[in-house]
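*Asks:* Quick one, fold the following:
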Amino acid sequence: MNGGLILTDNKKSLREDKGLIFTIIIWLFNMTCLIILLIFGELSTYMPIILILFLLGILVILIRFVKVISKKAKKTRQIINELKDEIFEFVPEVYKVKLYMQPTKLMAVPNFINDIDEAAISLAKTIDENAIISTKGLSYYSMYCEFLVPSIKVYGFIKSKKKGYSGKPKNIVTEITLEDPEEEVKNFARGIIAILDRLPWENVKWKKIEKAFKVKREECIEKWKEILDIE
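*Replies:* Numbers count the residues shown, from 1 in each chain. A predicted model of the protein is given here:
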């Protein structure tokens, strides 16, 4: 049943990818024809037409790209939620923890994820090759990474926000939510920090985190120390 859900999602995603590629090819063909006209015609006659079609083509590609990303993220999230409900159906009490830190590296592709997202994705795939992952973010203003690791029954949601004028790591704040079971959740959090190879409370602008997520610095650090078993 789970495999069927994932397979269907992949097929639809493939069709959407082909649609985006087809849109780009048509746009490139039209631009090539117009450039040929420009070369063999009068500059003043064809330049306004070429400019308008060029801008319209860019707009169509961007709209198509955003649509494809949004659809993929939505479908993957539906799969994650269905499997999450199925896995946690008989769990009497779900252990849930929220942790806070800042990234040191940002990647524009794919989906504006940061090094914290990257570490969680890498760890999830290492633990379980069937881990389901969804990322979405069309800018550094708001991003998320959601994942489900069926073999250890761990669900995670990483939300990042931009708090500052520039899209630099120092202006990005991140909230990591991990759910059930308790020991596996703690091990997963430790795994993320091991990959990042730094203490989560060092070189952090806590005022930005406190303002963005309405939390207190001391409580955040204490929770991290509890998870990492540090005095």
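
*Asks:* For the chain, which segments count as helices?
*Replies:* 2-40, 43-87, 115-127, 182-196, 206-213, 217-228 (DSSP state H).

*Asks:* Going by the annotation, which residue ranges form each domain of this structure?
*Replies:* Per automatic domain parsing, the domain ranges recorded for the chain read 2-84, 93-228.

*Asks:* And these, which one averages the lowest pLDDT?
*Replies:* Set side by side, these differ in mean pLDDT, and domain 2-84 is lowest with a mean of 63.

*Asks:* end-to-end on stretch 129-147?
*Replies:* Distance across stretch 129-147, first residue to last, is 12 Å (Cα to Cα, to the nearest Å).

*Asks:* Let me know how buried Ile121 is, in neighbour terms.
*Replies:* Residues near Ile121, counting by other Cβ atoms under 10 Å, number 18. Bear in mind the C-beta positions are built from the backbone N, C-alpha and C, glycine included.

*Asks:* which residues touch the residue lying closest to Arg190 once chain neighbours are set aside?
*Replies:* Distances taken as Cβ to Cβ, 6 or more residues apart in numbering put Leu228 closest to Arg190, at 6.0 Å, once the chain neighbours are dropped. When contacts are counted by Cβ atoms under 8 Å, 6 or more residues apart in numbering, Leu228 touches Ala189, Arg190, Ile193.

*Asks:* If we use 10 Å, what do you get?
*Replies:* By Cβ atoms under 10 Å, 6 or more residues apart in numbering, the residues touching Leu228 are Leu99, Lys186, Ala189, Arg190, Ile193, Ala194, Leu199, Pro200, Trp201.

*Asks:* neighbours around the closest residue to the third one other than its chain neighbours, how many?
*Replies:* Meaning Ala189. Using Cβ to Cβ, 6+ apart and skipping the chain neighbours, the partner closest in space to Ala189 is Ile227 (4.9 Å). For Ile227, the tally of surrounding residues (other Cβ under 10 Å) stands at 19.

*Asks:* Same question for Leu56.
*Replies:* The number of residues packed near Leu56 is 12, by other Cβ under 10 Å.

*Asks:* Closest one of the contacts of Leu228 to Gly167?
*Replies:* Nearest to Gly167 among the contacts of Leu228: Pro200, at 21.2 Å, using Cβ to Cβ.

*Asks:* what residues are up against the closest one?
*Replies:* Neighbours of Pro200 in contact, by Cβ under 10 Å, 6+ apart: 99-102, 116, 174, 176, 189, 192-193, 220-221, 223-225, 227-228.

*Asks:* now it: how far from Ile61?
*Replies:* Pro200 sits 39 Å away from Ile61, going by Cβ to Cβ, to the nearest Å.

*Asks:* again, but for Lys216
*Replies:* Distance from Lys216 to Ile61, by Cβ to Cβ: 45 Å.

*Asks:* More neighbours: which of those two?
*Replies:* The neighbour comparison of Lys216 against Ile61 (other Cβ under 10 Å) goes to Ile61, with 15 against 11.

*Asks:* Surely that one and Met31 touch.
*Replies:* No: using Cβ atoms under 10 Å, Ile61 is not in contact with Met31, being 11.4 Å away.
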